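> please find the sequence and the predicted model below.
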Amino acid sequence: MSTAAQKKGFGATLWEWLTTVDHKKLGILYFLGGGFFFVLGGIEALLIRIQLLVPNNDFVSAGLFNQLITMHGTTMIFLAAMPILFGFMNVIMPLQIGARDLAFPFLNSLGFWMFMLGGIFLNISWFTGQVPDAGWTSYTSLAITSEGHGMDYYAIGLQIAGGGTLMTGINFLVTIINMRAPGLTYMRMPLFTWTTLIASAMILFAFPPLTVGLFFLTFDRLFGGNFFDHEMGGNTIIWEHIFWIFGHPEVYILILPAFGIFSEIFPVFARKRLFGYTSMVFATVLIGFLGFMVWAHHMFTVGLGPTANAIFAVATMAIAVPTGVKIFNWLLTMWGGSIKITTPMLYAIGFIPSFVMGGVTGIMQGAAPLDYQLHDSYFIVAHFHYVIVGGVVLAVLAATHYWWPKMFGTMLHEGLGKVTFWFFFIGFHMTFLIQHWLGFWGMPRRVFTYMDGQGWNTANAISTAGAALMGIGVIVLVINAIMTTVKNERVGNDPWGDGRTLEWAIQSPPLFYNFPQTPLVRGLDTVWIEKQEGNESGITPAVPLQDIHMPNGSIIPLLMSLGLFIAGFGAMYRLEASWGLPVLVGGLAFTFLTMSIRSIKDDLGYYVTKEEIMNDLKREGGRK
Amino acid sequence: MMKGLKKWHFFSLLAALTVFLSGCGQKELSTLLPAGEVARDQFNLLLLSSGIMLFVILVVVIIYVIALARFRRSKLGEDYMPKQVEGSHTLELVWTVIPILLVLLLAVPTVYYTYKLGNVSAMGAVDDDGNAENLVVDVTAKLYWWEFEYPDLGIVTAQELVVPMDEKVYFNLAAADVKHSFWIPAVGGKLDNNVENVNKFYLIFEEDSKDLKDGVFYGKCAELCGPSHALMDFKVKTMPRAEFDNWVAAMQATEGNTADPASADQGEVLFEQSCIGCHAVSGVGQGPMGVNEAGAMGPNLTAFGDRNRVAGFMDHTEESIKEWIVDTQKHKPGNLMPSFDHYTDDELDAIATYLMGLTVEK
Amino acid sequence: MDLNRKFTPETWPEHPETATLEAKNKFVGFWLFLGGEVVLFATLFATYLALKNKGPSGMEFSTQGLYELPLVFIMTMLLLTSSLTSVYAMYHLKNYDFKKMQLWLGITAFLGLGFLMLEVYEFVHYAQEGFTFNNSAFSSAFYTLVGTHGFHVAIGLVWITLLIFRNSKRGLNLYNATKYYTFSLYWHFIDVIWVFIFSVVYLMGVVG
């Protein structure tokens, strides 16, 4: 397949990527799509910081500023952090469990295209000049009175992208439950796979409330609903509850895979088994469970009453315990190991103090009466950036360097990688550490400007300077990626040298069917065990060489998503344009039509024969 | 390259330190310089939680630094094979139990203060004569300004809250349009002004605002409410009870005040023609909370001359007033007041002078 | 997978719905999907309860005056019966008796269609009385909750119709057995949701 691809023309290659159901290719698409939105959200962040550089600045207008903060938050959470993590899960998780693909390859493709088109839908708002502007939380008294179609882009765009996320979450769950290689019991699963499992379970239970909430918002704005109109008996607090019942688990959906990534990196570069594997697993499960119990700590100042506030305050603090267990387990993994400071390890080392900072400020805000002061001030901005950037983004950058060879078959330049790290890491702390104090000094969040004479000037200038450093770091990373791709120096199975999990025992990038023979898993870190016992390949096959069943590619997922994408515009312009209703109905009908084609046409996949596999192995044999 | 980077690191650290050491912010709006019991309770909780959290950070950093210093491959040699430890039940128990204890240490005062600060049971208390024992202020947040009504005293003002010191002042909070949040950082935490219900809480003001830089505490809107959310500031004037009673009496004495269309003052005439439909000049009156009742479409201007800012955030000068009237959208995008750009300079001067003369304190 | 492989009742596996990996995946995946659906409906129920009888001042509609239990009772009976007939169909799926399975599924669909028509009638009736979607927060929440359930019924009807006609010529195999089985899971789920709607919306609305 790989040699065949080289002979193909541009059109054929494009068609292959548009129709692919291969988890590795979809993973790369997720990674690139998410990366694109990450850069977009980053530019929005820089514009925000430029506006706040000096008091009374008029670099952007008040309205544009609100659009920037809304799109920055929405883009970073839904269109950057989640998809990039989904990219790594897609590529790596099946390799770690010895599977050939996800349980539902077709659905995987559908999930990706729904995310991509939902993201594009949301960002088309920039071209129409009607951009979401009620904050990424879109509290409804403001969101239903916001003029223009900005908030409709938000509601419909996220609805489409969220649907894709839910499908992919179910897909990951079924894959991990049903398709583990022989011998891979739950308590032998790598931590990244574990966190994928828990994060997916959280997606399954957290996204339906978001779906419902977004429907309510759409109904209220476009179809005369009254859910949030208090003069018609509605209640805006319902939105806040629904949003945070989704929103708090969402944060853990992001951070748990980040924990998983670092739990892979520490053992490899400390050359030592993960300390306290069992407690790490239970801590993950417990964090996932508690994540659903604490949503109202985002609402301490809403006026829910002291009893509700007290209960949610104590529940919130409880999360510190399993999180602390994880931190100490990572520290003890390094303790007594043989630490090699590679770029991924540098990120892991930078992660620990950064995330601890974000964690402890979270506990401080869990203390409800104190949160009355900190809530919606710059302290909270500092806190969640310490968690999301200091946790999730550092993990994403670490994983980018760590798994780049497995995804693309080349190695990012280590020197440039470290340059990226230092710029990003220093810039990050410079930007956000000082914001804790801005919060203490009374600066509310989401302000488009501030008056002189309140003592906030120097701190804001420092913060903006830090943001510029982060921007430089990301630019270096992009240059690094382009250089590496152009040079195209291929690497072997395990370029880091101490790989412990199954993905390091196969080619970089893997053959399209991943494993010529399904492996037998003999324990935690099975490749490490095999290598210690002298099996240089790192793998013991569980079955003899036999034909492999693979799924066919399909364009239908893209078409189905396109139908929804088109219907979204119809829904939005239904009332003011004559083409609105027909386009809404037509788009939905198109989606249902393509879906029926899929269900009526039998698609049973195809077989890769033993001979082809033998040929592939012979060809690959020359490279180790 | 690396050397240069480290220098940068050092420089940024130094810069950050300077800012931290420059103090606790400004007295009129810093949560770190509490000017009342509520803010002080919250500040104490901040000190307690920061202390616990610094302890945690310290422990982590110590293990972290030692581990990083001792167990480097560059020191141990490329071939060194660490012992593959599975874990340690004792250690894992230790770092489960100690955090639980630390969390409990913080949880107890948290619950105590949550109930203490949430207690508004004395709000409606009346003495034997049926008079309210406590001062109650109804705060209605509107796009982008604040209305303060004193229901038991029958007076209303806007943009500048006036309160007596050293007693519990109770607040009813509501919003007339979209959600806002009422926050006086130096005096206590915030509570939301919702559109569908009235939230209640109390604050205690313990310092005279006279001694502050501008003679007022700063208040903020802490919930995104539209383009001019950043400009939805208000000010708080605190004073001893006796002074406050005088102010109340002065406000009550403005009952029935209105602008005279036949006045010799050109400003008053213009005000009567264009402004009074939305802005009252009598401090007496009371409408249902959370509603844009007639005559209160815009901020009540009875005590405008005593205030500290124009439109909540501009310098309190006639120049600002004129700039504001001519182009309101330029200064506070999205606000509901129309711009009056057809006035001549003389007319603007007259209006500004008239407004500056509206005072109850002088 | 070989679609042409012929089975007899003797060679037909005891659990045809999970006989292959693909089937097992669909089976587990569908259960998980229903888990998500539970949360979706829970959110809708919670919103309905919060907004029940809430409207602009002077709203004339309330749960007591609006709902007509006899009609809803007939709907309930239709849907409960259709759940039972789908159980018969699954019984014949396990026995490898394709004709009887199709017949019982046809009856299931027929009963489901009856339910849906009555629901449409109910909605139209309310709307004619002035209780439209736009009337109040109460009406929005009511139509969204009950309507989402009705939408699920409609999807189920399209699904089973497609299955019945698509497979009418080629009979049962391990490829479509899972599809039939997951449909029946879905149908039971819809039925359970309706039981909750009947009790929480209608019974509690009229009695409470």
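Cool, the structure landed.
> which other residues reach stretch A:20-34?
With Cβ atoms under 8 Å, 6 or more residues apart in numbering or on different chains as the test, stretch A:20-34 has contacts from A:17, A:79-92, A:94, A:101-102, A:105-106, A:108-109, A:112, A:115-116, A:119, A:407-408, A:509-510, A:512, A:514, A:551-554. From N, CA and C alone the C-beta is placed, and that goes for glycine too.
> go again with 7 Å.
Stretch A:20-34 has contacts (Cβ atoms under 7 Å, 6 or more residues apart in numbering or on different chains) with A:17, A:79-80, A:83-84, A:86-88, A:90-91, A:94, A:101-102, A:105-106, A:108-109, A:112, A:116, A:407, A:509-510, A:512, A:551, A:553-554.
> repeat that for stretch A:101-111.
Outside stretch A:101-111, the residues within contact range by Cβ under 7 Å, 6+ apart are A:20-23, A:26, A:90, A:94, A:164-165, A:167-168, A:171, A:174-175, A:178-179, A:551, A:554, A:557, A:560-561, C:25, C:29.
> restricting to C-alpha, output it in CSV.
Listed next in CSV are the C-alpha coordinates belonging to stretch A:101-111 (Å, rounded to 0.1, in the frame of the first residue of the first chain):
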residue,chain,number,x,y,z
ASP,A,101,-8.2,-0.5,13.6
LEU,A,102,-11.0,0.9,15.8
ALA,A,103,-14.2,-1.1,16.3
PHE,A,104,-16.1,1.1,13.8
PRO,A,105,-13.7,2.5,11.1
PHE,A,106,-16.6,4.1,9.2
LEU,A,107,-17.9,5.8,12.3
ASN,A,108,-14.4,7.0,13.0
SER,A,109,-14.3,8.8,9.7
LEU,A,110,-17.7,10.2,10.2
GLY,A,111,-16.6,11.5,13.6
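> hang on, the earlier thing: among the contacts of stretch A:20-34, which ones are buried?
Buried subset of the contacts of stretch A:20-34 (neighbour count, 16 or more other Cβ atoms under 10 Å in any protein chain shown): A:79-80, A:83-84, A:86-88, A:90-91, A:94, A:101-102, A:105-106, A:108-109, A:112, A:116, A:407, A:509-510, A:512, A:551, A:553-554.
> filter those down to just the ones in helices.
In this view, the buried ones among the contacts of stretch A:20-34 that belong to helices under DSSP state H are A:83-84, A:86-88, A:90-91, A:94, A:105-106, A:108-109, A:112, A:116, A:407.
> what residue of chain A is the furthest out?
For chain A, the C-alpha lying farthest from the average C-alpha position belongs to A:Gly453; by Cα atoms, centre = their mean, that distance is 40.1 Å.
> name the SS class of that one, please.
Classification of A:Gly453 by DSSP: H, G, I helix; E, B strand; the rest coil places it in coil.
> distance check, it against C:His92.
To C:His92, A:Gly453 is 82 Å away according to Cβ to Cβ, to the nearest Å.
> work out for me the element the residue nearest to C:Ser82 when sequence neighbours are not counted sits within.
Computed as Cβ to Cβ, 6 or more residues apart in numbering or on different chains, the closest residue to C:Ser82 that is not its neighbour in sequence is C:Leu111, at 3.6 Å. Using DSSP states H and E, the element containing C:Leu111 is helix C:98-128.
> buried stuff in that helix?
When neighbours are counted by 16+ other Cβ under 10 Å, the buried residues of helix C:98-128 are found to be C:98, C:101-105, C:107-109, C:111-116, C:118-119, C:122-123, C:126.
> remind me what that helix packs against, helices and strands.
If you count contacts as 3 or more Cβ pairs under 7 Å, 6 or more residues apart in numbering or on different chains; DSSP states H and E, helix C:98-128 packs onto helix C:69-94, helix C:137-167.
> tell me what angle the last one forms with helix C:69-94.
Going back to what we said before, that points to helix C:137-167. With axes from the mean of the first three to the mean of the last three Cα atoms, to 10 degrees as the criterion, the two stretches helix C:137-167 and helix C:69-94 enclose an angle of 30 degrees.
> which parts of the helix or strand following helix C:137-167 are buried?
Counting by DSSP H and E, the next helix or strand C-terminal to helix C:137-167 is helix C:174-196. Of all the residues in helix C:174-196, those buried under the rule 16+ other Cβ under 10 Å are C:174-187, C:189-191, C:193-194.
> tabulate the CA atom coordinates of helix C:174-196 in CSV.
Listed in CSV are the C-alpha atoms of helix C:174-196, where the atom choice follows Å, rounded to 0.1, in the frame of the first residue of the first chain:
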residue,chain,number,x,y,z
LEU,C,174,-24.9,-13.4,11.0
TYR,C,175,-24.5,-10.0,9.3
ASN,C,176,-28.1,-8.8,9.8
ALA,C,177,-28.9,-10.8,12.9
THR,C,178,-27.1,-8.1,15.0
LYS,C,179,-29.0,-5.3,13.2
TYR,C,180,-32.3,-6.9,14.1
TYR,C,181,-31.2,-7.5,17.6
THR,C,182,-30.0,-3.9,18.2
PHE,C,183,-33.2,-2.7,16.8
SER,C,184,-35.1,-4.6,19.4
LEU,C,185,-32.8,-3.2,22.1
TYR,C,186,-33.6,0.3,20.8
TRP,C,187,-37.3,-0.4,20.7
HIS,C,188,-37.3,-1.6,24.3
PHE,C,189,-35.3,1.5,25.3
ILE,C,190,-37.9,3.8,23.6
ASP,C,191,-40.6,1.8,25.5
VAL,C,192,-38.9,2.3,28.9
ILE,C,193,-38.5,6.1,28.2
TRP,C,194,-42.2,6.2,27.4
VAL,C,195,-43.1,4.6,30.7
PHE,C,196,-41.2,7.4,32.4
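> pull the residues that contact that helix.
Residues contacting helix C:174-196 (Cβ under 7 Å, 6+ apart): C:1, C:3, C:16-17, C:19-20, C:23, C:26-27, C:30, C:34, C:37, C:41, C:45, C:76, C:79-80, C:83, C:86, C:89-90, C:93, C:108, C:149, C:152-153, C:156, C:159-160, C:163, C:167.
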